[in-house]
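Asks: For reference, the sequence and a predicted model appear below.
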Amino acid sequence: MKDLHNNIEVTSLLHAIAVATTQTITDIDLSGCNSAELVIDAGVDGGGVGLDSSNKIVFTLKHSDDGTTYAAVEDKDMLGVSDITSGTILTIDGTDEDDTVYHFGYIGGKRYLELAGTVTGTISIPFSISLVKGHLQDSPVI
């Protein structure tokens with residue numbers, strides 16, 4: 001078995017919290033790594049209304065070289081998602097889409113990321129979001 005433990009760094013971007021309003025995580029710094037994976041762990045919607053096209057959360061991802069000027073990611077920047085429009089990497093708008101762990105690889109090559117979860121309507125889904133940095137320039141991590 002190979003050693004993954006000493007060759008990654010895991011950072012919590014959003015500790016487990018019931019999300020009912022838009023959340024934006026800015027200045028996610030990828031320095032010191034050559035690969036990154038975003039992990040979005042969605043719980044069960046407890047909003048009472050039900051997930052649909054009017055009650056949803058849309059995750060968009062932007063990237064930047066300087067942490068100031070951000071642009072939406074495109075298909076070529078991501079693994080695990082396709083047909084990205086305006087940086088949208090995930091939409092949860094149905095009961096078959098909550099209670100799931102999603103993960104997306106970032107290969108865009110910029111230093112900074114910005115992840116926004118935009119809520120429309122009424123939802124209350126517990127989320128945690130983590131960043132796994134790999135191919136570290138200063139490994140192993142201790």
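Replies: Noted; the coordinates are in hand.

Asks: so V19 touches F127, yeah?
Replies: Yes. V19 is within contact range of F127, at 5.0 Å (criterion: C-beta atoms under 8 Å). Where C-beta positions appear, they are placed from N, C-alpha and C, glycine not excepted.

Asks: Residues that sit against both of the two, list them.
Replies: G117 (C-beta atoms under 8 Å, 6 or more residues apart in numbering).

Asks: partners of the lengthiest strand in the chain, with directions?
Replies: Ranked by residue count and defined by DSSP state E, the top strand of the chain is strand 8-19. Sheet pairing here is set by DSSP bridges, and for strand 8-19 it gives strand 125-134 (antiparallel).

Asks: which residues sit against stretch 36-45?
Replies: 13, 16, 18, 30, 51, 59, 61, 89-90, 92, 95, 97-106, 113, 115, 123-134.

Asks: So what does the most centrally placed residue in the chain have for phi and psi?
Replies: Nearest to the mean C-alpha position of the chain, by C-alpha atoms, centre = their mean, lies L38 at 4.5 Å. For L38, the backbone dihedrals are phi -90, psi 130 (criterion: degrees, to the nearest 10).

Asks: circling back: generate a ChimeraX selection restricted to the buried entries among the contacts of stretch 36-45.
Replies: Of these, the buried ones can be selected in ChimeraX as follows, counting by 16 or more other C-beta atoms under 10 Å:
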select :13,30,51,59,61,89,90,92,97,98,102,104,105,106,113,115,123,124,125,126,127,128,129,130,131,132,133,134
